[in-house]
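Q: model the structure of this input:
(4 chains)
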Number of protein chains: 2
Amino acid sequence: MKKTSLNDIAKQVGVSKTLVSFVLNGRAKEFRISEDVCQKVMDTAKELNYQPNRIARGLRTGKTNTIGLIIADIANPFFGKLGREIEQEAARQGYRVIFCSSNENQEKSEEQIAMLQQSQVDGFIISPPVNSEEQIQTLAQGSTPFVLIDRYFPQIPCSYIVVDNFDAAYRATNHLLSRGRKKIANITLNLGLVNMQERTDGYKQALRDASINVDETMIKVLPFSNGEQDMYQAIKELVGTEEKPKIDAILFSTSKIGIMAIECISNMELRIPDDIAIVSFDNPDAYKICTSPVTVISQPLEEIGKTAVQILLDKIRQPETANELQQITLKTDLIIRKSCGS
Amino acid sequence: MKKTSLNDIAKQVGVSKTLVSFVLNGRAKEFRISEDVCQKVMDTAKELNYQPNRIARGLRTGKTNTIGLIIADIANPFFGKLGREIEQEAARQGYRVIFCSSNENQEKSEEQIAMLQQSQVDGFIISPPVNSEEQIQTLAQGSTPFVLIDRYFPQIPCSYIVVDNFDAAYRATNHLLSRGRKKIANITLNLGLVNMQERTDGYKQALRDASINVDETMIKVLPFSNGEQDMYQAIKELVGTEEKPKIDAILFSTSKIGIMAIECISNMELRIPDDIAIVSFDNPDAYKICTSPVTVISQPLEEIGKTAVQILLDKIRQPETANELQQITLKTDLIIRKSCGS
DNA sequence: CTGAAAGCGCTTACAG
DNA sequence: CTGAAAGCGCTTACAG
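A: Prediction:
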C-alpha cells in the first residue's frame, strides 16, 4: 500500500501534476482551471485518500509550518498546561509543534535545538535552562526566529514573554506581612535563572519596604537535583528550635519545592498556617486539596502560550520584522486561600 | 545567512557531494576514502557549521526517524510523565517525537493522525480517546506501525501496552474491604474507554467475591467534561443523609476525579478516612500532601514508556515483524497511605 | 577510491 | 488554460 502522490492523481485523471497541485492548493480559480477538471481531480484525490507529503513540500518551499518547543520539564503540570496552550494556538494557526523537554539540562537543550534545526522548524519557543546563554546567543545570530518563555537572559537582546516575577514576589511577601508575619523565609532554586533571582529580589524588597532586615540565612537556595534530604535540612535550619522558632512564614519560589516542603513540614508535625504560613508560586491541583489550601501566585498560562505563538508567527510570516524585539511582561494573580491564616 | 549544504562543503573541499555524504555518514572506511580527504571534509563541515537537512534525507530515504505521539491530555501529569519517558527513550534510540494532545477529543485525534502522517512519521504511539475505533481501525489497515498505550479496543487486533486495570481495581477494593469498609462506591469516567470499564469490573468482582451485592446506584459515571457541579451532585447522592450515610468508601478511577472529589468532600465537612475511606488510580503529587495522604494504584510509567518505544522501533526496524501483535499488560502497585484508615 | 546522475514528492517560474 | 522542466538537499546504485 504505497502512499498516493500528486503524480498518481495526475495519471489517473490524465492531466499534469502541475495542474493537480494547483487544484489541491485551492489555486484553481487563479489559474482558471475548468470546473470539470477541477472536480475530477478533487474526487480522485479523495478516492485515493491523498495525503500531501509535507516534508517534500517543506523541502521545496523552505517552510515546514512547524514550531519547535523546548520546555524545561514536561512532567511539571505548569509546563504541561503551557504546552497545551501553545499547541492549541499553533494548531489554530495551521502550525504543528514538536515538543521537547530539556529536563533543565543545558546539554540536552543544546542537542534539541540542533535536532529541531535539522528538522527545519520555522521557529522556536524555548524556556532556556541554566547556563544556556551561549546556545541562545548563537540562536540569536542565526536566522530562525524564536521567542523565550518563562525565563530570559538580560544580556541577550531577544524576544520573550514572561511574568513580572519581582512584582509577584513583592505582593506575596506583602500579603504575608499583612497577616502579621514578620519572620519570613524564602526557599528557591538555583539562582542562575533570572526568574528565580527576580522572585527573591521582590521578596527582599518587600521586607526592606516594611523596614525588616533581610537575613540571608533565611533564603535557602536548593540545587535543581534536590531531594527530600536537602529539603528537610533546609527547613530544619530555617525553623530552628521548637521553643524559639526562627521563622513564621515561607515563600516558595516554585511549586515543586513547595509541594515537597509541605510534605516535610507535615511530617515534622508543624502546622500550617499556625506555626508557618506559606505562599507559593504556581497553582497546581495539589495546593487546592492539602490540609490548608495554599495561597498562590498564579500565572496567566493561556495568555503566555497564545502570545508566544502569536509573536513567533508574526516573525515567521513577516521576516522583515523578525528582528524587532518583543519583550512582554504579564502580571500574575495572587489567589488567597487558607495557608496564611487570616 | 543561508544554511550550508553538502554541496557547499563539496565545493570548498573540491570533491563531490557523494563523497562528502559518505564521510559525514561515517561510511568513509567502507568506501576506503583517504584519511586526508576525510579529515578535510570533516573540518570544513565543522567550520561551516553544517547541519544535515533531515527533511531532505527523509524525503530521499523514506525514513524520518520521527515518532508521532498522541496523548490524551498533556496537562495531566500522568501523561506528562509518560510523555517524558517516551521522549527520553526515543532520543536514546536516535528518534525524535512529535507530541500532540488530543484532549480526549476524537476529532482532534483524527486531525492529528492525518497531520502526523503527512509529516511522514515512522510510527505512532497513541492513547486513543473515546469513539476513535474507526481511526485506529483505518490506521491498522495502513502500513505505518503503531502501538496503543493506556487504552485499547478489544475488537481491533493491534499492539498495545496497558496495565491490568481489572486486577488493580480488584486489589484496591479488597484493600478497602480488609479495612472493614462494606459500602464501597466507585466514581469513574465515561465507560466508553476499556480501561475505565475494566476498573469498574474489577471493583464489582471484588465485591461479589466478598459476597457483597453490587449496587449500581453506587457507581457514578461522570462525563469527560465534568465540572464541580457534577461532582458535588454525585457525592451528595452517594453519601445520602448524615444520620444514615449510604457509603463508607470510594474508589476513584482517575486522579482528576479523585482530586476534585477530595475538594468537595472536604468542603462538605466529611472526614477522610473516618467518614469515607478512599483509594484512587494514579499517583499525582497532590495525593502525597493532602490531609490524609491517599492510598493509590500507581502505574509503572517508565516501563510503559520504554516498552512502547521498544515495541514500536522493533516494528519500524523490522517491517517483516511489523504485523506481529505485541499485547502487553503490566501490573500496578498499590501504595498504602492513610486514606483508608488502619 | 571517486564522481555523475537519478530520484524522493512537491512547487513554481516559464513557455505555449 | 495546461504542461514540461527545474530544483529544494539529500542518498545511493552505477560506472569508471
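Q: which parts of the stretch 101-250 of chain A sit against chain B?
A: Residues of the stretch 101-250 of chain A found near chain B (Cβ under 8 Å from any Cβ of the partner chain) are A:101, A:103, A:111, A:114-115, A:117-120, A:142-143. Where you see a C-beta, it was placed from the backbone N, CA and C, and this is true even at glycine.
Q: give me that answer again for 7 Å
A: Within reach of chain B by Cβ under 7 Å from any Cβ of the partner chain, the stretch 101-250 of chain A has these residues: A:101, A:114-115, A:117-120, A:142-143.
Q: which among those count as buried?
A: Buried subset of these (neighbour count, 16 or more other Cβ atoms under 10 Å in any protein chain shown): A:101, A:115, A:117-120.
Q: which among those are in contact with DNA strand D?
A: Contacts with DNA strand D within those, counted by Cβ under 7 Å from any atom of the strand: none were found.
Q: after the helix or strand encompassing A:Gln112, which helix or strand is next?
A: Counting by DSSP states H and E, the element that carries A:Gln112 is helix A:106-118. Proceeding N to C from helix A:106-118, the next assigned helix or strand is strand A:123-126, under DSSP H and E.
Q: okay if I get the buried ones among the residues of the stretch 101-250 of chain A next to chain B as a markdown table plus pLDDT?
A: Output for those, formatted as a markdown table (pLDDT from 0 to 100):
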| residue | pLDDT |
| --- | --- |
| A:Ser101 | 90 |
| A:Met115 | 91 |
| A:Gln117 | 93 |
| A:Gln118 | 92 |
| A:Ser119 | 92 |
| A:Gln120 | 93 |
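Q: any chance of these in a markdown table, plus distance to B:Gly202?
A: As requested, these are exported to a markdown table (distance: Cβ to Cβ, whole Å):
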| residue | distance to B:Gly202 |
| --- | --- |
| A:Ser101 | 33 |
| A:Met115 | 42 |
| A:Gln117 | 48 |
| A:Gln118 | 47 |
| A:Ser119 | 43 |
| A:Gln120 | 48 |
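Q: and those, which two are furthest apart?
A: Farthest-apart pair in those is A:Ser101 and A:Gln120; separation 20.9 Å (Cβ to Cβ).
Q: just the helices in chain A please.
A: For chain A, applying DSSP state H gives helices covering A:6-13, A:17-24, A:35-47, A:54-61, A:77-92, A:106-118, A:133-141, A:165-178, A:194-209, A:228-239, A:255-267, A:286-289, A:301-317.
Q: in contact with A:Phe99, which residues?
A: With contact taken as Cβ atoms under 7 Å, 6 or more residues apart in numbering or on different chains, A:Phe99 is in contact with A:69, A:74, A:83, B:99.
Q: which residues sit in contact with the second one?
A: Right, A:Ile74. Counting by Cβ under 7 Å, 6+ apart, A:Ile74 touches A:80, A:83, A:99, A:101, B:80, B:83-84.
Q: rerun at 6 Å
A: Listed by Cβ atoms under 6 Å, 6 or more residues apart in numbering or on different chains, the contact partners of A:Ile74 are A:101, B:80, B:83-84.
Q: farthest-separated two in those residues?
A: For the contacts of A:Ile74, the maximum inter-member distance is 8.7 Å, found between A:Ser101 and B:Gly80 (Cβ to Cβ).
Q: and for the residue of the stretch 201-342 of chain A found nearest DNA strand D, the neighbour number?
A: As assessed by Cβ to the nearest atom of the strand, DNA strand D sits closest to A:Pro319 within the stretch 201-342 of chain A, at 16.3 Å. Applying other Cβ atoms under 10 Å in any protein chain shown, we find 10 residues neighbouring A:Pro319.
Q: point out where chain A drops to low pLDDT.
A: Scanning chain A with the threshold set as pLDDT under 70 gives A:1, A:241-243.
Q: near DNA strand C, which residues of it are found?
A: Contact residues (Cβ under 7 Å from any atom of the strand) of chain A with DNA strand C: A:2-3, A:5-7, A:17-18, A:21-22, A:24-25, A:52-53, A:56-57, A:59-61.
Q: which of those are buried, as a ChimeraX select command?
A: Buried members of these, defined by 16+ other Cβ under 10 Å, are picked up in ChimeraX with:
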select /A:3,5,6,21,22,24,52,53,56,57,59
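Q: also near chain B: which of the residues of chain A next to DNA strand C, exactly?
A: Among those, proximity to chain B is found for A:52, A:56, A:59 (Cβ under 6 Å from any Cβ of the partner chain).
Q: those into JSON lines, with extra columns for distance to B:Arg171?
A: Shown next, in JSON lines, are those (distance: Cβ to Cβ, whole Å):
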{"residue": "A:Pro52", "distance to B:Arg171": "49"}
{"residue": "A:Ala56", "distance to B:Arg171": "52"}
{"residue": "A:Leu59", "distance to B:Arg171": "53"}
